[in-house]
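Asker: Give me the fold of what follows.
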Amino acid sequence: MNTPLRILIVDDSPLDAELLVLTLKRLGFAPSWTVTDNAAGLTAALAERPEIVFTDCNMGQFDAGDVLGLVRAQAPTVPVVVVSGSANEEELRQQGAADFLLKDRLAEIGTVVERVLGAAKQT
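Answerer: As a prediction, the model looks like this:
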């Protein structure tokens, strides 16, 4: 399959970002990716027009709410998926999260990607 996919990963754990990319590859995607953990990096990476943004919930000084605010302001059509061990889903949905994925359920990422990209094309 090897479906090309431009992704942006906002996470302060390089290991978690690597695991996300490897899981996508195993599921037949051919991702090109950028990883950042701060507002300046996110702003720069959004200029590269990712198809989807994956973000951790808590990264110290920067969190999923901050990511959602910046993406909505700069690239409102790009879906944001929160990938975390725990998250306040309702609050983050209200802020614009397209979907949620628990880190221990990364095998479901292919379904999530297809669902959110399909929904983004409908709008």
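Asker: From now on I want contacts and neighbour counts done on CA atoms only, so please keep to that.
Answerer: Will do.
Asker: Distance of residue 25 relative to residue 19?
Answerer: As defined by C-alpha to C-alpha, to the nearest Å, residue 25 lies at a distance of 10 Å from residue 19.
Asker: who's more crowded, those two?
Answerer: Between residue 25 and residue 19, counting by other C-alpha atoms under 10 Å, residue 25 is the more crowded of the two (16 against 13).
Asker: Phi and psi next, for that one.
Answerer: Main-chain dihedrals, residue 25, degrees, to the nearest 10: phi -60, psi -40.
Asker: so what's residue 38 up against?
Answerer: Applying C-alpha atoms under 8 Å, 6 or more residues apart in numbering to residue 38 gives the contacts 10, 62.
Asker: quick one: stretch 81-91 to chain centroid distance?
Answerer: When distances are taken as C-alpha atoms, centre = their mean, to the nearest Å, stretch 81-91 is centred 11 Å away from the chain's centroid.
Asker: typo on my end, stretch 88-97
Answerer: 14 Å.
Asker: just use 44 as the starting number from now, easier for me
Answerer: In the new count, where the first residue is 44, that last one comes out as stretch 131-140.
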